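>>> Okay, sequence plus prediction incoming.
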Amino acid sequence: MTPNEITRELVTAGKSLIAVLDEESEALGQVKLARVTELHDAKENAATQYETVMTTVRAHPEVLAATGPDERRALIAIKDELDHATLRNINALRAAMEMNRRLVQTIASSIERQRTSASGYTKTGAAYSRTQLSTGADMMPVSLNETF
């Protein structure tokens, strides 16, 4: 392959990766988690393709030196676009992770608020408290009225 062909292949691989990253960022922003799951394989394939071409370029740095000015400009442009797409994707992933963390925290807090604390009396007649529960147990004293 000629240096220009390798550069064009790198630009094409970069564009594919950018497209998938942007689509994933959009899906994360709209909380379309099923779509994010669907994009996983496409993202992995695009990243692998880009990495493969980059490995070739790194192994032969003279390729970039022999690349024409138009291809070099395209390569610089795609590198900048890829950097921006990556940052957008990272921010979208972080926002989704924070949203999930807050959701789980809200659910846990709600469950904790809805738990009824045990009440009643111990066998000695003292007021019952939750601290008297054995570790991990979720028991509550109960009185049974045997007269029906």
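On my side now, so go ahead. Numbers count the residues shown, from 1 in each chain.
>>> quick one: the most centrally placed residue in the chain and A27, what's the gap?
The centre of the chain sits closest to L93, judged by C-alpha atoms, centre = their mean, with a distance of 4.4 Å. According to C-beta to C-beta, to the nearest Å, L93 and A27 sit 11 Å apart. Placement of C-beta: from N, CA and C, glycine included.
>>> Near P3, how many other residues are there?
18 (other C-beta atoms under 10 Å).
>>> got the contact list for it?
Neighbouring residues of P3 by C-beta atoms under 8 Å, 6 or more residues apart in numbering: E62, V63, L64, A65, A66, T67, G68, E71.
>>> Now the fifth one. Nearest residue, chain neighbours left out?
Going back to what we said before, that points to A66. P3 (3.9 Å; C-beta to C-beta, 6 or more residues apart in numbering).
>>> cool, the fourth one as well?
Counting by C-beta to C-beta, 6+ apart, P3 is the residue found nearest to A65 once chain neighbours are left out, at 7.9 Å.
>>> May I ask which helix or strand of this protein has the lowest mean pLDDT?
When the helices and strands of the chain are scored by mean pLDDT, DSSP states H and E, helix 62-65 comes last with a mean of 86.
>>> Any stretches of the chain with poor pLDDT?
For the chain, applying pLDDT under 70 flags the ranges 115-121, 127-148.
>>> go again using 50 as the cut-off
For the chain, the stretches with pLDDT under 50 are 135-136, 148.
>>> Now do the closest residue in space to I78 that isn't next to it in sequence against D70, distance only.
Excluding the flanking residues, the one nearest I78 by C-beta to C-beta, 6+ apart is G14, at 4.1 Å. G14 is 16 Å from D70, where distance means C-beta to C-beta.
>>> With neighbour numbers in mind, choose between these two.
Taking neighbours as other C-beta under 10 Å, G14 and D70 compare with G14 leading, 23 against 11.
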